[in-house]
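what would the 3D arrangement of this be:
(chains A and B)
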There are 2 protein chains.
Amino acid sequence: MDYNTMCPKYEVAIEIIGKKWTGLIIRVLMGGPKRFKDIKSQIPEMSDRMLTERMKELESVGIVKRSVYPETPVRIEYALTEKGNSLKTIINEIQTWSEQWVDHCSASE
Amino acid sequence: MDYNTMCPKYEVAIEIIGKKWTGLIIRVLMGGPKRFKDIKSQIPEMSDRMLTERMKELESVGIVKRSVYPETPVRIEYALTEKGNSLKTIINEIQTWSEQWVDHCSASE
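Okay, here's the model as predicted:
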């Protein structure tokens, strides 16, 4: 195995999907484009400030696209890009693995 | 979607596989049981201290098993458990995704 091919890119990917709430936000958006308040209503424990921060991050790395529709009032929707949609398998696999192997809410068994 | 079923376990899983070097160590061990120095030789950029720390963590969460063979000199080998082996798909998927979508060594495009 050539470790150089794995190292930085793998860690960049993990850095993206590993941030608190990110997996959950992506899963919510897998249900289709959503407004801020619709995402929020599905993750009520997350603060508005945190969701704002995460959406900006996800937009900046090309996982989420923000669309502004010039209606009255203005409608703003967030949707997964192709890059974001392609995370589906990974996120579902992590979820499945964690349901099978993680017993408690800490990393230790 | 019931966010409660996703939240803490997903994050525990990410916490495990997201630590620096962990994905790489698990990939090296997918090649079969290895001694400390063999793992080290495949990841030369990682310090001994860091590898020691990670192996202890991976053992404590049941992903790696440490076996001591009472030979002269004593042989100590590390191997993936069933739990560890079951991470194979996830780690390979993250690797594949990152090769396709991550261009640079930072999270931004």
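
give me the secondary structure label for residue A:67.
Assigned state for residue A:67: strand (three-state reduction, DSSP: H, G, I helix; E, B strand; the rest coil).

residue A:76 versus that one, what's the distance?
Distance from residue A:67 to residue A:76, counting by C-beta to C-beta, to the nearest Å: 7 Å. (Each C-beta comes from the backbone N, C-alpha and C, glycine too.)

now swap in residue A:11 and tell me
Going from residue A:11 to residue A:76 by C-beta to C-beta gives 32 Å.

of these two, which one has the most company?
residue A:11 (23 against 11; other C-beta atoms under 10 Å in any protein chain shown).

now do the contacts for that one.
B:20, B:23 (C-beta atoms under 8 Å, 6 or more residues apart in numbering or on different chains).

give me the pLDDT value at it.
Looking at residue A:11, its pLDDT is 83.

in which helix or strand does it reside?
Taking DSSP states H and E as the definition, one finds residue A:11 inside helix A:3-17.

which outside residues touch the next helix or strand after that helix?
Remark: after helix A:3-17, the chain's next helix or strand is helix A:22-29, criterion DSSP H and E. For helix A:22-29, the external contacting residues (C-beta under 8 Å, 6+ apart) are A:16-17, A:34, A:39, A:42-43, A:46, A:51, A:54-55, A:57-58, A:63-64, A:78-80, A:84, A:87, A:91, A:94-95, B:1, B:3, B:6-7, B:10-11, B:14.

hmm, residue A:51 and residue A:64 touching each other?
No: taking contacts as C-beta atoms under 8 Å, residue A:64 lies outside contact range of residue A:51: 11.5 Å.

who's more crowded, those two?
Applying other C-beta under 10 Å to residue A:64 and residue A:51 shows that residue A:64 carries more neighbours, namely 22 against 18.

partners of that one in the sheet?
Note on residue A:64: beta-bridge partners by DSSP bridges are residue A:80.

contacting residues for it?
Applying C-beta under 8 Å, 6+ apart, we find residue A:64 in contact with A:29, A:55, A:58, A:78, A:79, A:80, A:81, A:84.

give me the number of residues near the first one?
When counting by other C-beta under 10 Å, one arrives at 25 neighbours for residue A:29.

what's the pLDDT at it?
pLDDT for residue A:29: 96.

surely residue A:91 is in contact with residue A:18?
No: the pair residue A:91 / residue A:18 is not scored as a contact, 11.0 Å apart, by C-beta under 8 Å.

how about low-confidence regions in chain A?
A:1-7, A:104-109 (pLDDT under 70).

the same query, at a cut-off of 90, please.
Applying pLDDT under 90 to chain A flags residues A:1-21, A:23-24, A:43-45, A:102-109.

residues near residue A:69, how many?
Number of residues near residue A:69 (other C-beta under 10 Å) recorded here: 8.

again, but for residue A:67
Residue A:67 has 10 neighbouring residues, counting by other C-beta under 10 Å.

skipping adjacent residues, who's closest to it in space?
residue A:77 (5.1 Å; C-beta to C-beta, 6 or more residues apart in numbering or on different chains).

and that neighbour, what does it touch?
Contacts of residue A:77 were listed using C-beta under 8 Å, 6+ apart, and they are A:33, A:34, A:35, A:66, A:67, A:69.
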